[in-house]
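**Student:** let's see this in three dimensions:
(2 chains)
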Amino acid sequence: MDMQASKKKLGLKERYQVMTRGLDWTPSYQKMEDIYPYVAYEGIKIHDWDKWEDPFRLTMDAYWKYQAEKERKLYAIIDAYAQNNGHLGVTDARYINTVKLFISGISPLEYVAHRGFTHVGRQFPGAGPRVACLMQSLDEIRHAQTQVHSISNYNKYYNGVHDFHHAHDRIWFLSVPKSFFDDAITAGPFEFMVAIGFSFEYVLTNLLFVPFVSGAAYNGDMGTMTFGFSAQSDEARHMTLGLEVIKFILEQDPDNLPIVQRWIDKWTWRGYRVLTLVAMMMDYMLPKRTMSWKEAWEVYFEENGGALFKDLARYGITMPKCAEQIALEKDHLSHQAWSTFYNYGAATNFHTWMPDEDEMAWLTAKYPESFDKHYRPRYEYWREQAAKGNRFYNKTLPMLCQTCQIPLVFTEPGDPTKICYREVDFKDEKYHFCSDHCKAIFEHEPEKYVQAWMPVHQIYQGNCFPEGTDPTVEGFDPLAAVLKYYHLEHGRDNLDFEGSEDQKNFDEWRGMATKNV
Amino acid sequence: MSTVFIALQTNEDTRPIIEAIVADNPHARLNEQPAMVKIDAEGKLVVRRSSIEELLGRDFDLQELHINLISLSGNIDESDDELTLSWNA
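**Tutor:** Here you go, the predicted structure:
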């Protein structure tokens, strides 16, 4: 006999109930604490996992259906873009350096996020968050893959993207995003969720994907625009998960509040420091700009994040303290970052340059308080020097912040003429910091951060040369050896955009695309 | 009152969706950017299935939004008929 079909289709809420919690069971012959060993040690108290609500109520069957559709759309566009030599349609070849930064700085993080969510998804005793984490872990590996696939097309034509993962694990500035995620996945499951799910996804990811991807579209990079928006469509779900996590934890027990507030303070600052790369991408590396870093920060953090923290005030959560310092830095961040990369352009996997007159005028208009006073004069000087054949490359290795791993290049809050240095003595060693916030993060968990793999220290210890290198031989060039270790070719992958192979090829190929030869 | 927003890709799929959202939320502001549209609204924004279906001329599952969704803000409440974004404060 055929099975009797129920009269009415289940509604969204019932369907979600059946397809998540309905699939869970209570273990009978193993203890809960043996099955979920990491769930208690951070001090977070959860009394009822069934109080978890997934606002989107997405079930696995619907998940596969919509993700498949996103993939079909994405790959059709990637193919069309590659078949049409879409790379020649970008505004100018300088733009491609943002893609290099993205694949070596951001895409490997997507993969680590995949691992992180697989791990925490396994660790939560509640079926609701387990399903949500499973979906997010699948999203993250999809992002890593689609980014590699989209950007591999650039690798056929341009330098610096050939070994992005090798670069990610070694190149000095890439240790900034890498150590950020390593910090998160080595934390407990609740801290990981607050770090990545809430602080990064909810509070900060809009700043990465929305203006940057919209910027890619504006600069004619259909490939990046498409993977970016495709990833971002998952991001909306991740943000919702991040917000849900916070609300759920705080509603479960009042003792959770101080722990969560400390994590929000820490990870908002950690995430913001990583976004330094995005700030300079928006203000310097996109030939056609959609909005300045400062404007993006005002829309997506001050306005949107402000509304969020006002909403969370009912739980006792307050706006992270670091927001005050960030507000002071927003007129300076991108300029200080770009100046640094311009200095260290001999040790990067992308090209740097000085903005032209029009671009300087744009920067003046967007940063009336700071640009002409503090940054334009030094750019004009560097440009003058470059014209005389003295393009300046800094070969002295900088002091790094033990927490965020960024060189100590940022200025004192409120005084853009003075570099900010902080230090702490711990077990007979001295540690350096870029800010009070990075220092405070270290002081709370020094045993964790003393283990950091600091690129500059590692170079000085001789750990960043190819195997068999003898640094004692006469005339030893440490930078050349380090570049070999990074798998970068001097004169090809690094140095100024002006005179680069990328610049030359792009001009020549674009010419060929419009003429018969 | 805080602002909530929803951002969608600009394409033929989202044209009727955006039109329906704007019609259902007279207080919303349309903010057009390269390749995307951001709809900002004070306090609350409602996405109504029936309004989208009327413009689209076919059945529409609100979860189809996921395909072209870029970002959003606010607390979400989703049912078969409506997706609501709101801030409590």
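**Student:** drop to CA atoms for contacts and neighbour counts, all remaining ones
**Tutor:** Noted.
**Student:** quick check: end-to-end length of stretch A:490-508?
**Tutor:** Distance across stretch A:490-508, first residue to last, is 22 Å (CA to CA, to the nearest Å).
**Student:** name the residues of that stretch that come out as buried.
**Tutor:** A:490, A:492-497, A:500, A:502-503, A:506 (16 or more other CA atoms under 10 Å in any protein chain shown).
**Student:** just the residues you listed: which are in helices?
**Tutor:** A:502-503, A:506 (DSSP state H).
**Student:** quick check, nearest of those to chain B?
**Tutor:** Nearest to chain B among these is residue A:506, at 24.4 Å by CA to the nearest CA.
**Student:** check contacts around the closest one.
**Tutor:** The contact partners of residue A:506, by CA atoms under 8 Å, 6 or more residues apart in numbering or on different chains, come to A:88, A:93.
**Student:** one more time with 10 Å, if that's ok
**Tutor:** Contact analysis of residue A:506 by CA atoms under 10 Å, 6 or more residues apart in numbering or on different chains lists A:87-88, A:90, A:92-94, A:157-158, A:512.
**Student:** of the residues you listed, grab the buried ones for ChimeraX.
**Tutor:** Of these, the buried ones can be selected in ChimeraX as follows, counting by 16+ other CA under 10 Å:
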select /A:87,88,90,92,93,94,158
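**Student:** can you list which of the contacts of residue A:506 are found in helices?
**Tutor:** The helices, defined by DSSP H, take in residue A:512 from these.
**Student:** by pLDDT, rank the contacts of residue A:506 and give me the bottom one.
**Tutor:** Checking pLDDT across those, the minimum falls on residue A:512 at 84.
**Student:** next secondary structure after the host helix or strand of residue A:179?
**Tutor:** Assigned by DSSP states H and E, residue A:179 belongs to helix A:175-185. Note on helix A:175-185: by DSSP H and E, the next helix or strand toward the C-terminus is helix A:189-192.
**Student:** mind giving me the packing neighbours of that next one?
**Tutor:** helix A:107-123, helix A:175-185, helix A:222-252, helix A:256-274 (3 or more CA pairs under 10 Å, 6 or more residues apart in numbering or on different chains; DSSP states H and E).
**Student:** rank these by pLDDT, which is bottom?
**Tutor:** helix A:222-252 - the lowest mean pLDDT of the helices and strands packed on helix A:189-192, at a mean of 87.
**Student:** would you mark the buried spots in it?
**Tutor:** Residues of helix A:222-252 classed as buried by neighbour count (16+ other CA under 10 Å): A:222-246, A:248-250, A:252.
**Student:** and what of stretch A:412-423?
**Tutor:** Buried, per 16+ other CA under 10 Å, within stretch A:412-423: A:412-413, A:416, A:420-421.
**Student:** let me have those in a markdown table, extended by pLDDT.
**Tutor:** Output for these, formatted as a markdown table (pLDDT from 0 to 100):
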| residue | pLDDT |
| --- | --- |
| A:412 | 97 |
| A:413 | 95 |
| A:416 | 96 |
| A:420 | 97 |
| A:421 | 97 |
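**Student:** show me which of these is closest to chain B.
**Tutor:** Of the buried residues of stretch A:412-423, the one sitting nearest to chain B (CA to the nearest CA) turns out to be residue A:413, at 28.5 Å.
**Student:** contacting residues around that closest one?
**Tutor:** Contacts of residue A:413 by CA under 10 Å, 6+ apart are A:324-329, A:419-420, A:435-436.
**Student:** ok, back up a step: how about the buried residues of stretch A:412-423, which pair is most distant?
**Tutor:** A:416 and A:421 (13.1 Å; CA to CA).
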